[in-house]
Each structure stands twice: as structure tokens, then as C-alpha cells.
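**Q** sequence-free structure coming up:
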């Protein structure tokens, strides 16, 4: 399996082959002699050149994080062999971008209605959780294509609230 | 759903009906106003008449235990509507009974070979784990019908080692 | 001793009080709101009763309903925890009228300390050191005379003030008149009360507080101090005991003042006298909190006492089981308050499901938690999840131990302020105890510096991300290219889907 | 201080030493056998290297391989933990020859204390009180004279004895001659050595030990005592500090003797002098353990010190950072050793997968663990999973706290001795500190009494068993009657299958 992993705007190409019960790993074409064991659910013990790493994985809202020791990395993983996934990805970066709820809450105000031109970083909606309000901003300069929620609606983490094109 | 639960040689008939997201519960025909929530995986919070119980469930080897507070009960649950299950149960009590490994280990000795007459409680095999030996005994008076493992074999918890008929 | 105690609270403090009850052979009664049925405090208690809907005024602040439950279940006493009804004197009176013991000070002491001006007056009478200034309204001329006497900078304050309104910092005599007039007109507009007084401005103070404990027979002792200078918006973030700048002599003086304050208020049970301390180690009365504090564990660790056990014993009428001279401090304790909030996003709350929980333990580590793996942090209350406390023979070892415990602590699925603590504990000013109430704001303003270690770990993280994806894909029975139609809604596939999702969410 | 330390051990003690290393800024190196790749000590360490196959002689006792790893990775010191190579003087010498610091006493002290007769002789010279009797071979006439002098009952022992062979208890003079002759012929047959000596028989002794700590500059202190009388087959089960029968004066005397013993042996680093104590509080030297003990945490809690930190500092050449008069005991600590064994089935080991792990925490609770949820306890080593330690201001509160912590502790999927501890902690003799080394055997012989509480809970358990089954059946998409062919091999269905299985397993 080949994966493209994006971490802090840098792309890593990771090729994994299962040989028996061990993974063979190429990182950007260079072999890494990793020794991997899955311990607790969602926790991975990795040995590399004698160094021991305990690695956790978590999803928070729309983010996926990899935690190595006490360092946290937001990662995005793509399987380049998946034609659909690559295609969609290409389309979305140029075309429509979604605004998703970063946590569960209530929509208290829509600041920019459908058709409103917005600039990158301009506030589009306000959601409230635990007595605090948070403005959700346009991920790109463009026009509000769609508002998927009404003021007063309760929303879940990761739910799409609006689209900007 | 109706269950027959056997605890400490006493049989309880528990009838459960799902009404919305709540269970309606009859214990031996008497309604119990239980309020049940599943918390951590395998842990149940039960309120009954204001009393709060944290209940855990576990399987150890061939046993299933229910732990209420710090009291531990070995339970066996049957669904009387399951015709096959009842039939098998009836058959086994009169016919063949299995000897299962209570923990992973190594078979060090077979004391009673196939065809040997044995009495209830007589030792049939010896298994070893962590440098200690444990004799496994005949669950009924009868004859050894089958020995499923060889001396020296490694066995898993719950694995059938022998049958007595 | 009581046979049954109701805990009118939720979260970690409810669990902490219930543990004390269990240890003392007292049956504990939980109360809960609709959204808290699955909360840890409900399953920890011996009994549990529903209060009402999620909003606090209909549940945890619902005095009538709480007293009804207490009467119905036969609870002889109510422990209010902190927050909610803990400093509500009317609630304490209602308990007394209902024949239920309120575990806390007498209502009269709560009322006195609950009013800032009454407290200030009473403390002045008791000879407690206050920030120099006036507690009564002044004319401009009086204000100028007083400012000249106590020295600049001074703070002009509206007597009826609050929330920063009607407050002005004045650095030099020339600005006093105009600031006074602005503050006065603002106060008139805001509070319809133009009374203005003046206090010396304490620059970069430390927040140091004294734990006091009194029985109902007139005995009051102090249990040393806690340093709580690491704050964000007046919210404590890290507390420790003892304070690095308090020596035996200063502790004795602060302790004597705190005991004097408590005695003059007719105080009983656990309470805390808060002080501001200036750069010359002068200390000034700030306020008294008439309840158990969030940060009480650091005092427990350095004194070897259990404050909740003692609260219960005092409330049941026992005398203090020790005298002042028996109280000895040993070692050093630090507490971190773990919140479901995102320090990288203006500390916005992050409720949601705790998908994974790895808890620290081992030597010198205490975790007082109100959560479990699989629990969903509700939107409706304070987002504190737990308190992590480290104890060691000395301050630097306690800091090192806390770092070790933070490394072991993992809360997956929601944002928490755990990463912030590492930044604080590695900051040279914190390590050297050069802290004041502005320390954390300065640290946050400076922004995070990406550590060198992080860069070295990026490759490991990248490989691990691929390994998680590959394993998830194997578990889903997929081999190589994904078939979007075939995905099951398991955690693993959800993760994959998220990782591959194209659109970037807002903010 | 060392920059890198190898821990030549596994399980909870390896994790405990690694935590200390992390706190001191020392890189920790794990070593592991084939079956321990997934063990907690491997993922806790900064580095980890394979030793070899599961059998200890090929892994954790493989001196050559361990020293090879230490050299290759550049570890400057080796911490042996307890068990395995910790009391192996030859290993300590090999470390020295390889230029790696062995964290423990000098090999000469280990050799002296490792030989019972050499130790007894040396301790007699040092004036350490011994069980009255002779340490050299006696004739029957000499034995009769000595028995008359020290008083009956006496124990006749073969000098080369072991495992109970060549040992006879003699209660009255008339039996001495025949017992002597039987023991002598048994000893001749068993050890080809008929040398017989005699000691006073201590009836129902307590086992009380003194922790000592010495630096490499000749300073030795004692850190109070631990009471370890709750034993099964000479295996400690519960330890506490302080002992209920040791007062200040007795502690000072025992401590002085222990320090004298250590000094006379040229001892350094952590060690323990074990004593038997009779009904009149006379104490007698039993043996010295030349390593960190399993039960060291109870001493840490009452002294406020960290013994592993101190071991590392001493081994790196530092002087003791305190003097005897600085050591103060405060409060009471109790430790339970949690084993994967079945107390209802002759304590048979119960390795297997830990399907569920709920860990206790909160005030005064420390857990030193070597396991995690989902880990499979291997068959190959000591079945100790973790140590649970409770600390409180006094003994009764510590007992109550330990009971509370045991209530919170749940290890699902394997048998453990957790239920045994509740029986012990509720026994009136334990609560009243009327314990000796025979206490636990008597408790076990008396059998479990089914508690009244248990009967009241049976209905709850029955309903819960049905609820678990119903939920499992819903999760499997079944509704009512089961369709055996359609069952998936999930945990839930496995449970159902077990619950419904007809045949009753053996034993």
C-alpha cells in the first residue's frame, strides 16, 4: 500500500508491504526498519533503530492527529491509487470548500447569507458552546454557495454548515 | 426477550422489552423499574429505586462473571426461546460433558486415557502454567470419551481438552 | 458522623467527595441533570436521583428540588462542592430550615464574605492588611490627597463597579482629575451610582492564598499557602504548594492574618483567604472563598491531611483533631486543571466524546477525574475534566514529575489544554518561580515556538499515520485501493474517511 | 548524573524505574524477551532491545547479552530492579569489569549477605540480635544443654538444610533426642551433611523489616520499618508502614541495628534488613535483601522520599542529601500486590488477555502497574500485574481508602487476587493489627464466608446478566431467538456463546 501523508504542509510518501506479520516500510523511497506492535486500542509501539516510540492517533472534529511522545501532528493521509479520492480532492481545492462545525454547539448567527461575496478569513457563522461564541471563517475568497443550517439549530462536530465557492 | 439466568444454583427468569431507548424488566414476573445506561465498554450503570449500581461483566476461561460493586457472581444465561440451545443443553447434561482449559498452559500429563471409567471429581489431565500444575477433574461420573490434546501440547483458555460421557 | 450525605454537584468534585464518603462509611447520594445520567458521579454514588433538565437553574441550582431529594432519601447533610450553590448563603439557610446540615461555614459568614465592601470593612476592623486606599467614596480633592499619600500608580474604582467598568489606572498626578471624571460618568451611566474610591495599583502581583480550617467550637488553623499566580483571565490554571517566595516567617504572618480574618467572620469549616503579594512580598487581602477550592489537593499533599474528611468531621460537630503546631509542610505539590478547551483556538470549549483515555499514574501522581473513556463531555457545564497533581520532595522534582505525568496522559477525541501545560512547565520563568498573574498572558502572547524535537519526529509521525491507515484498511477487509461504497461506519473507516476528506473545515 | 540507564527487568518495576529516569532527564533503555515485545516497559522506555527467547536464562538472566546491549547503546549504568539478576554478585562484578555501573551495593556486600551462614556469623560479630541458639554444629548433649538454657520450644535445623528438610520443632525436653536423631539422619540422606544446630522457635512472629540507604562515602541511614506479616508461603501479600507495634524507641533501636549491619557489610545504596519479631517485641535478624524491595512504595509515602531517585543519585556518586534526623515518618501506607492468580483455586496462575481494566485513582491512591488493557499476561514470568498503594493520615483511614480503591479496581478477563484483599482488609484481626506470619494461612483455612450483601445483590446481578446478553444480541443484529449460524466472532457474541454453552468445563 502506498500513502501520501501530509504533515505541516510537507508531503511524505510511505510505502507499506505486509511480510508475514511485519510491515516493510519505505519512506520517500528509503527503507526504514520499523518494528511495529499494536498495544492498547489506538496505540502503536514503534521501534526504529533501538528508539522506542509510543504513538497515539485521534480524530477531533475534522482533524486527525498523530501524537508521538508529547508532540502532536495534524496529519492527512491519501491513498494515491484511489482515483476517485484524488479526483475529488483536486476538484475541491479549486472549487467548493466547506465550513464544518469544529465542535458540537448551536448556531447563533449567520453573518453572510447565500450569494454574499466573502474574503478568506471573513466570518460566515457564529456558533456557541459552553457559553462561549466562536466565529467560523471562510476557508477561501469567493462567494457563499450554500448555508446548510438555520440560526438556532444544534449542530454536531464535523457537520457541514456552509459552502464557499 | 426472555432469559433464564442461573446464579449460585438459583434460576432467575428475566423478561426484557425495549420500549424506546429504555428497558422494561420483569424479574420472575415482578416488574423492576430499572434505569440502565451503558458507560464504558462492558460497564453498566443501573439505577433501581434510587440505588446506584456499577456493574461489570467479564469472561474468564469458561466462566462468565457479573461484578456488582465488589461482589462477583458467576452467571449462566439461557434464552429459553432458542429451541436448539435448550435441546443441546438437555442433551449435554445427560450425555457428553467437556473438560475445558481454565487458562492457557501446557498439557503435562493425561491421567485417564480414552475409555477409562472415571468418577465425578477424578483427575483426568494436568496442565501447567507459570511453573504451577493444576489437575482438571471429571465433571461427571462416566467414561472418558475423547482426549483432544497430546501431552506437551500448548492450549488456550476455554479450549476443549477431553470429553466424558 | 452522618450516615448519608447528598452531594449537590457533578464532575470531578462530586466524585472526590463521594470517595471520601465511601472511605468514611457514609452513603453518598448523587443528583444529576438529564444530560448527566451517564456521568461518572452517578455510577460512583450509592444512590442517585434526577434533578431536572440540563440548564443549571433547573438542576444543580434548583434549591427546592435538591432539598426535596435530600428529604426523600434521608440525607442528613449536603456537600455543595465548589461552584453551583457552594457560596449561596440562602441555600445554606434553606438547608438549615429543612433540618439538613450544610457542609460549609455558617450562612452569616458566607454573607459577610460574599459582599466585597462588607468584607473589606470587616477585614479592616480586624486589622487585615488591605491594598492601601479608601473603601468609601471620595471627592476629587480627597482622591488627589490620598494618591499623593500612598503613591502612584493608583487605581480608581467605582464602588458599585464590576466587569472592569468605572475602573481607571492612573500613573501620574496630572492624569488623576480627568480619569476620575471619566470613571465617575461611566459609573453613573452603568450603575446609576457615581461613588468613586481609590486603591494603590499593585503591579504584577502574585496570587497567594491561605487555606484555613475551623471547627464549630471556635478553633481555627491555617494549613499553609498555595501559589495560584498562573492565571488566564482571572481563572487559575496551575496551583502549587508551598509558594517559592513564602518562607516560614511570612507563612506565619499570612497564616495569622487569615485565621484572624476567619475568626472575625465567625467562620467554620474549610475556607480560603486570598491575597495579592507585591514585588516586596507585602501581602494584601483580596477576598475570602467560603468553600472547598478546586486546588485543595496541593494542600492535602504537602500537609498529609484530607480536607474533605475533615469537612465532614467538622460538619458533624467534631473538634479539629490537631492543633496549629501539628501542621507541618513537607515536599512540593503542583496541580494542573485539565479542561476540554482548545488552547490553539482562543480556549474555545471542546465538548464531545472522549474516544480514548490513557491516565497517568505511578509515584507521586494523583488524578482526580470526573470522566471516563467513552463518555461524552456535555455542552452545558464548565469544561473541567480532571485535575492532575504531582507531588515530590522539592519543586523542581515536582515539575519534572508533572511533565512525566503529562506525557502519560492522553485524552483522544476532544481538544484539551494538556499541550499548554508542557509549554508552561518548560518556560524558564516558571521553572525559576518568576511568576505573577501576568505570566501566562505574556507566555500566550509570545506564541508557541515549534520545538526542535518536533521536527525530528515528523518522519515517525508520517510513517505512523500510514501504519494506522493501513491497519484500518486491513481491518475493513480492504486491500489497496478503497471502495467508497463498501466502507463500514466503524471508527477505523471513519478515521480514514476524515483523513481523506477534501474540504478543509472552517477555522 | 548518568545520561542513559539500562533497566535489566520487566513488568511494573521496570516501568517504575523508567519513570524515575524520565523525571531525572535520564534516557531509559528497556530490554525484552520475545514474548514481551508488546509489554508496557518496552513502550515506556526511550530505547528498547531484544534479549532473546522467553525463558529467563536466555533473556532476563542472560548476563552476556545484557552487557552487550548496554555497551552497544552506551548505557552508563544498569538498574537490576528486584528478582532476576538483582542479587547476583557475579553479575555486579561483570558490570564493573565491563565499565558499567551496577545500581546497587558492592558485590562483596551482596556475597556476604547472600550466604546465610556467613551473614549470620558477620551479624553476630556486629552485635546484631539473632534468634537465640547456635550457628555451629552441636552434639546431642550440647543441644540438650543449649535448649535448657534458651528454653523450649526450640527448632532443630540442619546446617546445610533447606526446603524444610532436616528441620524439627521440639516442644519439650523428652522429645529432643529422638528429634535430633531423625533430623540428623534426614540431613545426611538429603545433603550428605549431618551437622545439626539449634535455634529458639519463635511462635507466630511478625515480619518487620528496616529500609536502609547508604551512599558511597560511608553514610548510612534507616528510613523506618515496614510490616510484612501478611504472607502466604513466605510470599508477602500486604505490606505497610509504619508497623502498628513499633514505637519511636523500638524504631530507633531496630534502625540502629540495621545501620550497624549495613555498615559492617560495607553496604551502599538501598537495602533491607529483615527481622522476626516475637510476641514480646523482641526482634531477631532474619536476612538482608541487597536490592530495592517490591514494597518500597510504602516507605516512600511515609517518608516523602523517592527511593529510586536516591538509588540513581547514590550510584552516580552523590552523597546522601539528608541526615538521619531529617527523616520523619508521617501518615500510614498500605500496599497490595496484585497477581494474576486464582485465590479460589489454590492460587493457580491465571495468565491471559486483560480484556478490561478500570484503574483506581483519586486522593491517596498510587498504582504502580506494568500492564494495560488489551495486553496478554504471558505464561513465562512472575504473575504480578501491579501494586496498589493507599496512603492516609492514619492506619484505619488507610485501610478504608484501600478498600475504596479496591472497589474501583477492575481487571476483567483473567483471575486476580483482588477479591482476597477485601477479605483480608475486612478481617477484624487485620483491622486491629493482630497479625503475624500465620495470619493469612489461618484466614484462608477458615474459608470464605458469603457476605450478606452478596445475597442482596443476586437479583441485580441476574438482571444485569440478562441486560448484557440482550444488548449483545441487539448489537449482533439478532432479535429474540439466536441463529447460531449467523453469529459473528465479536466479543459480545463470544460472551453469549459462553453464557449459553451447555457443557460445564472441568474444575
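**A** In hand now; what should we look at? Here the structure is a predicted model, which means the values were calculated and not measured.
**Q** got any ranges where chain A has weak pLDDT?
**A** Along chain A, the model assigns pLDDT under 70 to residues A:61-62, A:80-94, A:130-132.
**Q** For residue C:260, give me its contacts.
**A** Contact partners of residue C:260, counting by C-beta atoms under 8 Å, 6 or more residues apart in numbering or on different chains, are C:126-128. The way it works is simple: take the backbone N, C-alpha and C, and place the C-beta from them, glycine included.
**Q** and chain C, which residues reach chain D?
**A** Within chain C, the positions near chain D by C-beta under 8 Å from any C-beta of the partner chain are C:15-16, C:19-20, C:22-25, C:297, C:300, C:304-306, C:308-309, C:328, C:330-331, C:359, C:361-369, C:392-393, C:397, C:400-401, C:403-404, C:407.
**Q** still on that earlier bit, which members of the contacts of residue C:260 are classed as buried?
**A** By neighbour count, with 16 or more other C-beta atoms under 10 Å in any protein chain shown, those hold residue C:128 as buried.
**Q** Could you export the contacts of residue C:260 as a markdown table, including secondary structure and distance to chain B?
**A** Below are the contacts of residue C:260 laid out as a markdown table (DSSP: H, G, I helix; E, B strand; the rest coil; distance: C-beta to the nearest C-beta, whole Å):
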| residue | secondary structure | distance to chain B |
| --- | --- | --- |
| C:126 | coil | 45 |
| C:127 | coil | 49 |
| C:128 | coil | 44 |
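**Q** Residue C:444: how many residues sit nearby?
**A** 16 (other C-beta atoms under 10 Å in any protein chain shown).
**Q** And it, how far from residue C:422?
**A** According to C-beta to C-beta, to the nearest Å, residue C:444 and residue C:422 sit 14 Å apart.
**Q** Also residue A:106?
**A** Separation of residue A:106 from residue C:422 (C-beta to C-beta): 32 Å.
**Q** Which members of the residues of chain C next to chain D occur in helices, if any?
**A** C:15-16, C:19-20, C:22-23, C:297, C:300, C:308-309, C:397, C:400-401, C:403-404, C:407 (DSSP state H).
**Q** Among the residues you listed, which pair sits farthest apart?
**A** Using C-beta to C-beta, those span at most 32.6 Å, a distance reached by C:22 and C:400.
**Q** Residue C:57 in helix, strand or coil?
**A** Assigned with DSSP: H, G, I helix; E, B strand; the rest coil, residue C:57 falls in the helix class.
**Q** still on that earlier bit, any idea which of the ones in helices among the residues of chain C next to chain D is closest to chain B?
**A** Distance to chain B across these (C-beta to the nearest C-beta) is lowest for residue C:22, with 10.5 Å.
**Q** count of neighbours near that closest one?
**A** Counted with other C-beta under 10 Å, the neighbours of residue C:22 add up to 22.
**Q** if I pick it, what's in contact with it?
**A** Applying C-beta under 8 Å, 6+ apart, the residues contacting residue C:22 are C:28, D:400, D:404, D:407.
**Q** For those residues, which two are the farthest from each other?
**A** Spatial extent of the contacts of residue C:22 (C-beta to C-beta) is set by the pair C:28 and D:400 at 13.9 Å.
**Q** So if I had to pick from those two, which one is more boxed in?
**A** Using other C-beta under 10 Å as the criterion, residue C:28 and residue D:400 rank with residue C:28 on top: 26 against 21.
**Q** Verify the assumption that that one is located in a strand.
**A** Yes - assignment of residue C:28 by three-state DSSP places it within a strand.
**Q** I'd guessed it sits against residue C:46; true?
**A** Yes - the criterion here is C-beta atoms under 8 Å, and residue C:28 meets it with residue C:46 at 5.2 Å.
**Q** Mark which of the residues of chain C next to chain D are buried, thanks.
**A** Taking 16+ other C-beta under 10 Å as the criterion, what is buried in the residues of chain C next to chain D is C:15-16, C:19-20, C:22-24, C:297, C:300, C:304-306, C:308-309, C:330-331, C:359, C:361-369, C:392-393, C:397, C:400-401, C:403-404, C:407.
**Q** Would it be right to say that residue A:64 lies in a strand?
**A** Yes - Residue A:64 forms part of a strand when assessed by three-state DSSP.
**Q** who's it bridged to?
**A** Applying DSSP bridges to residue A:64 gives these bridge partners: residue A:59.
**Q** count of residues packed around it?
**A** Count around residue A:64 with other C-beta under 10 Å applied: 24.
**Q** how much space between the residue of the stretch 101-250 of chain C found nearest chain A and residue C:346?
**A** Relative to chain A, the nearest point of the stretch 101-250 of chain C is residue C:233 (11.6 Å; C-beta to the nearest C-beta). Note on residue C:233: its distance to residue C:346, by C-beta to C-beta, is 11 Å.
**Q** Looking at these two, which one has more neighbours?
**A** Neighbours were counted for residue C:233 and for residue C:346 using other C-beta under 10 Å; residue C:346 has more, 12 against 8.
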